[in-house]
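> pasting the sequence and the predicted coordinates here, then a few questions.
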Amino acid sequence: MSSTAYRGAAAASAAAAAAVESYPRIVATLIRLTGDWTLAEDCAQDALAQAVQRWGGGVPDNPGGWLMTVARNRALDVLRRAAVERRKLHDLAVLARTEESGADQAADDGEVVDDRLRLIFTCCHPALPLEARVALTLRTICGVPTGDIARAFLIGESTMTRRLTRAKTKIAQAGIPYRVPQGPALAERLPGVLAVLYLLFTHGYNADGEPAFAAEAIRLTRLLAHLMPAQPEVRALLALCLLQDSRRTARRDGQGRLLTLDQQDRSRWDRGAIVEGLALLAEVPEDGPYALQARIAACHAAAATPADTDWVRIADCYDALTRQQPSPVVELNRAVAHGYAYGPAAGLALLARARAGGALDDYPHTIAVEAHLTARDGDHGRAAALFRRAAAAARTEPERQALLERAEDESQAG
């Protein structure tokens, strides 16, 4: 590689690293100052493009500050040309003088932290449809290209562009405030923000998901935990994501087939993520919904072998989770946990009760759970038939193949 090419590659790498760290700060600050979401995103992207071109001669000492200054100046130019009201120009000019003098860096950091929180809570506002909240979070806070988001949602890029535009328009027209709620309002809104972050994580963690989305969810949740240290459920969600993500590289075999927890090579689990997740969980004094799910994940992470798993503890957590946040998925997992803790007959009984209301009928994993518990109960012929039915209802090809292999195993066992 020539020296010019090497410098270009180094500049691109440095710009990418700075983008991960600084992009939310830049966009959040510019939205606060200009009130224009699209302008903020465009100026942040322009700054990154300039970094790739100009950092070949050397990366600045403060890459994030360089990007902020360039993006802010770009916004200033655009606003001048558009003759936007003098107040906004004045705010930008004051910010420019403050940053250039460096006299009150601590105060500026506090303001930026506020801006990032404002942006997270605005993107996750309950007035927006849930998928729009996830997409807006990915695009505005994480800087994920619209085309990548569209592919994750299995729609065209133009359709996703329209959705994002509608979301931003609704924020403006409905007067959705660009601020962090306080007091009782914070307690009401925070679960919705956490739900968006966890949905973003599962979009990336699922068998057919985009791994980068899971990484972004962890990064954003880590940021939120830093900005809101007094909120234990934020730390619990971060712990949950880390503990689940620690298994990522062990979830498939050499041929790409999905492996269940009991089939995975636990030496391939990310011990660093597990240690961090367990340490975070130890700081959570209460058992909210995310804390309970994290404690379940911790039981799996702490078990050296499948036989060492504390299924009684897991069943207790699912019992508590059912009381706090009942849902068909929780009921299904509770049946599995009781099946391991107290025998497959107990799990099948819970599953039958959960299915009585019909809530689990449309959930494709219901048949797979019944098949699994039936196999553990010794009825291999019926289990094989159920695994085939579950494979027919599977939503992804990896899941379908894994279920068909289980069906074949049960047929041979019978």
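Thanks, I have it.
> pretty sure residue 122 contacts residue 180?
No - between residue 122 and residue 180 there is no contact under Cβ atoms under 8 Å: 9.2 Å. C-beta: built from backbone N, CA, C; applies to glycine.
> quick one, what contacts residue 346?
Under the criterion of Cβ atoms under 8 Å, 6 or more residues apart in numbering, the contact list for residue 346 reads 338, 339.
> any idea how far it is from residue 33?
The span separating residue 346 from residue 33 equals 59 Å under the rule Cβ to Cβ, to the nearest Å.
> residue 263 too?
With the distance defined as Cβ to Cβ, residue 263 ends up 53 Å from residue 33.
> then residue 403?
Relative to residue 33, residue 403 is positioned 53 Å away (Cβ to Cβ).
> more neighbours, those two?
Regarding residue 403 and residue 33, a neighbour count based on other Cβ atoms under 10 Å identifies residue 403 as having more, with 26 against 21.
> how near is the more buried one to residue 378?
19 Å.
> any idea how many residues pack against residue 373?
Taking other Cβ under 10 Å as the neighbour definition, residue 373 ends up with a count of 26.
> for it, pull up the helix or strand it's in.
Using DSSP states H and E, residue 373 sits in helix 365-376.
> gap between that helix and the chain center?
In terms of Cα atoms, centre = their mean, to the nearest Å, the centre of helix 365-376 is found 29 Å from the chain centre.
> run through who's touching that helix.
Applying Cβ under 8 Å, 6+ apart, the contact partners of helix 365-376 are 332, 335-336, 339, 344, 347-348, 351, 355, 360, 382-383, 386-387, 389-390, 393, 403, 406-407, 410, 413.
> which of those residues count as buried?
Among the contacts of helix 365-376, those buried by neighbour count (16 or more other Cβ atoms under 10 Å) are 332, 335-336, 339, 344, 347-348, 351, 355, 360, 382-383, 386-387, 389-390, 393, 403, 406-407, 410.
> surely residue 318 meets residue 334?
Yes - contact status for residue 318 versus residue 334: in contact at 3.8 Å, counting by Cβ under 8 Å.
> which parts of stretch 179-188 are buried?
Residues of stretch 179-188 classed as buried: residue 180 (neighbour count, 16+ other Cβ under 10 Å).
> and that stretch, what's its mean pLDDT?
Averaged across stretch 179-188, pLDDT comes to 87.
> now do the end-to-end distance for it.
Stretch 179-188 has an end-to-end distance of 14 Å (criterion: Cα to Cα, to the nearest Å).
> ok now it, how far from the chain's centre?
Here stretch 179-188 shows a centroid-to-chain-centroid distance of 22 Å under the convention Cα atoms, centre = their mean.
> contact partners of that stretch?
In contact with stretch 179-188 (Cβ under 8 Å, 6+ apart) are residues 114, 117, 118, 121, 122, 189.
> between these, which is closest to residue 224?
Of all these, residue 224 sits closest to residue 117, with 7.9 Å by Cβ to Cβ.
> surely that closest one is in contact with residue 231?
No - Residue 117 is not in contact with residue 231 according to Cβ under 8 Å; the separation is 11.3 Å.
> can you tell me how far residue 188 sits from residue 162?
The gap separating residue 188 from residue 162 is 30 Å, by Cβ to Cβ.
> which residues does residue 39 contact?
Under the criterion of Cβ under 8 Å, 6+ apart, the contact list for residue 39 reads 30, 75, 78, 79.
> could you rerun that using 10 Å?
Listed by Cβ atoms under 10 Å, 6 or more residues apart in numbering, the contact partners of residue 39 are 30, 31, 33, 74, 75, 78, 79, 82, 84.
> write the ChimeraX selection for whichever of those residues are buried.
Here is the ChimeraX command that picks out the buried ones among these, judged by 16+ other Cβ under 10 Å:
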select :30,31,33,74,75,78,79,84
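> for the contacts of residue 39, work out which two are farthest apart.
The most widely separated members of those are 31 and 82, with 16.2 Å between them, by Cβ to Cβ.
> wait, residue 377 touches residue 351, no?
No - the criterion here is Cβ atoms under 10 Å, and residue 377 misses it with residue 351 at 11.5 Å.
> following element in sequence after the helix or strand containing residue 185, please.
Secondary structure from DSSP H and E places residue 185 in helix 184-205. Using DSSP H and E, the next helix or strand after helix 184-205 towards the C-terminus is helix 211-227.
> flag every buried residue along that following helix.
Those would be 213, 214, 215, 216, 217, 218, 220, 221, 222, 223, 224, 225, for helix 211-227 by 16+ other Cβ under 10 Å.
> tell me the contacts of the second one?
Right, residue 214. The neighbours of residue 214, taking Cβ under 10 Å, 6+ apart as the test, are 200, 201, 202, 203, 204, 205, 206, 241, 244, 245, 248.
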